[in-house]
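In: everything below, folded, please.
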Amino acid sequence: MRDFRRVADAVAARIASGQLRAGDRLPTQRAFARRHGIADSTAGRVYAELVRRGLVVGEVGRGTFVRAAPPAAGPALAEPARQRVDLELNYPVVSGQSELLAAGLARLARPDVLAAVLGPGGARGTGAAREAVAALLARPGWQPAAADVLFAGSGRQVIAGALTALVPVGGRIGVEEFTYPVVKALAARLGRTVVPLACDAEGLRPDALVAAHREGPLHAVYAQPTLHNPLSLTMSDRRRSEVADALRRTGTVAVEDAIWSFLRPDAPPPLAAYAPERVVLADSLSKRLAPGLTAGFAVVPAGCAERVAAALRSGGWGVSGYALEALAGWVGDGTVSRLSAAKRAEAAVRQTLAAEVLHGFAVRADPYSCFCWWDLPEPWRADTFVAAAGRRGIAVTPAASFAAGSRRAPDAVRIGLASPPRDVLRTALATLADLARTLPEDSAPE
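Out: Model prediction:
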């Protein structure tokens, strides 16, 4: 009887040489056994060995396929660090996510459907995609009109298109004093100036908006009313009304970043519901689904819709027809709702884990947020802590990355909780907690 490991070695060699490529389907175990002159039970052991090596993956009801890539080795937390545990970026993933998304894509594999969706989608997308987004974003107190929906390739591109359309070169964009770093980079690249606006425990202060506009006209305001990144703040109903009133008093338009709002369905309606004529709401599928399967979308007031659409077209920030069709299907069959609910539950578990491991430290977070803000204990400085964490193989983000003004940023870091597996996250947080309990190397007694 042939050794199953030698047969597995032969298949592995074909994968390594490229004869079998990522996504190729292997024959059934019975067909494989006949082809290689081995028993069915031996073929089963061969396939199990290939799975163990991470070379193939079995999908119930579909067969066995060559993996796109071998699984990554677990990160090392001891010095010297060979790999990083990434607590900077946030890519929420839940068990069964790929299977759910794959099921929704099956229809798009039909040649007739594929032929119809392989072209560019355009800023206005398709009627089905607009209806799907309007249904996805609807909540008590707000029902966006499908006719007001525009599309881009990602949420970042939606924001870039809106700011390009609303703010002239050299114009001023009001932002929360701690803001999404990409917006700072976008403003610099577009030749716009960011103006920091003071915040409190609820986020953006409307009086700060009015005062900044009085000093020099604000052409737009960028804000995150729900689960503010990095502070996890969520505005109350009253604060949203006050900010909407400030927008009307100053004649300013806001770009509302709602990327994380799906994690807080109990929050008040979006700012767009309070001042629909003055708010461009930007969102995407990247956090709800996955960063590689995204489409950005916006609900845009009629008065500036054509300007934003033109900016998206001229910037080359279009969405593919395939993405639009996938979006409509995933919303319609409930995939987006199921994954959103699962990610809310997972975020709650990870926040509980973080609260347990970082107990006793000054940590600010929301029970459903994918990140937390850590005011470091003295005498730690943010830059020193980030460097020390990096030497232990852990990447975290210093407060300065989010600071919009020229004032010195506090000694704090943002911790992203979504990306690593739970056990890796727990170990990394414990390592950071132990580090924070020691003295920095530059302040240790000689």
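
In: so who does Ala129 touch?
Out: By CB atoms under 8 Å, 6 or more residues apart in numbering, Ala129 lies in contact with 121, 149, 151, 295, 297, 324-325, 327-328. Just so you know, the C-beta spots here come from the backbone N, C-alpha and C atoms, and that holds for glycine as well.

In: relative to Val11, how far out is Ser17?
Out: To Val11, Ser17 is 11 Å away according to CB to CB, to the nearest Å.

In: same drill for these two, tell me which one is more crowded.
Out: Val11 (22 against 8; other CB atoms under 10 Å).

In: chain neighbours aside, what residue packs nearest to the more buried one?
Out: With sequence-adjacent residues excluded and distances taken as CB to CB, 6 or more residues apart in numbering, Val11 is closest to Leu50, at 6.1 Å.

In: per-residue pLDDT of the one you found, please?
Out: Leu50 carries a pLDDT score of 89 in this model.

In: using PDB, write out every CA atom in the helix or strand encompassing Glu346.
Out: Element membership for Glu346, per DSSP states H and E: helix 335-357. C-alpha atoms of helix 335-357 as PDB (Å, rounded to 0.1, in the frame of the first residue of the first chain):
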ATOM      1  CA  THR A 335     -25.700  38.700   4.600                       C
ATOM      2  CA  VAL A 336     -24.800  42.200   5.500                       C
ATOM      3  CA  SER A 337     -27.300  42.200   8.400                       C
ATOM      4  CA  ARG A 338     -26.000  38.900   9.700                       C
ATOM      5  CA  LEU A 339     -22.400  39.800   9.600                       C
ATOM      6  CA  SER A 340     -23.100  43.200  11.200                       C
ATOM      7  CA  ALA A 341     -24.800  41.500  14.100                       C
ATOM      8  CA  ALA A 342     -22.000  39.000  14.500                       C
ATOM      9  CA  LYS A 343     -19.400  41.800  14.400                       C
ATOM     10  CA  ARG A 344     -21.300  43.700  17.100                       C
ATOM     11  CA  ALA A 345     -21.200  40.700  19.300                       C
ATOM     12  CA  GLU A 346     -17.500  40.100  18.600                       C
ATOM     13  CA  ALA A 347     -16.700  43.700  19.400                       C
ATOM     14  CA  ALA A 348     -18.500  43.400  22.700                       C
ATOM     15  CA  VAL A 349     -16.500  40.300  23.600                       C
ATOM     16  CA  ARG A 350     -13.200  42.000  22.700                       C
ATOM     17  CA  GLN A 351     -14.000  45.100  24.700                       C
ATOM     18  CA  THR A 352     -14.800  42.900  27.700                       C
ATOM     19  CA  LEU A 353     -11.400  41.200  27.200                       C
ATOM     20  CA  ALA A 354      -9.600  44.600  27.000                       C
ATOM     21  CA  ALA A 355     -11.300  45.900  30.100                       C
ATOM     22  CA  GLU A 356     -10.200  42.800  32.000                       C
ATOM     23  CA  VAL A 357      -6.600  42.900  30.900                       C
END
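
In: give the pairing partners of the following helix or strand past it; include direction for each.
Out: Downstream of helix 335-357, the next assigned helix or strand under DSSP H and E is strand 362-364. Applying DSSP bridges, strand 362-364 is found paired with strand 371-375 (antiparallel).

In: same question for the next helix or strand after the partner strand, mean pLDDT?
Out: Next in sequence after strand 371-375, counting helices and strands by DSSP H and E, comes helix 382-391. Averaging pLDDT along helix 382-391 yields 91.

In: so that it lines up with my notes, have the first residue be 347 from now on.
Out: Sure, I'll start counting at 347 from here, so that last one is helix 728-737.

In: in helix 728-737, which residues are buried?
Out: Going by neighbour count (16 or more other CB atoms under 10 Å), the buried part of helix 728-737 is 728, 730-732, 734-735.

In: repeat that for stretch 520-528.
Out: Buried, per 16+ other CB under 10 Å, within stretch 520-528: 520-527.

In: can you get me a residue count around Leu593?
Out: 26.

In: so what's it closest to, chain neighbours aside?
Out: Arg624 (4.5 Å).

In: how deep is the one you found tucked in, by neighbour count?
Out: Count around Arg624 with other CB under 10 Å applied: 21.

In: check contacts around it.
Out: 590, 593-594, 598-600, 647.

In: and the strands in the stretch 347-496 of the chain?
Out: Under the criterion DSSP state E, counting those that start in this stretch, the stretch 347-496 of the chain contains strands at 402-405, 409-412, 431-432, 495-498.
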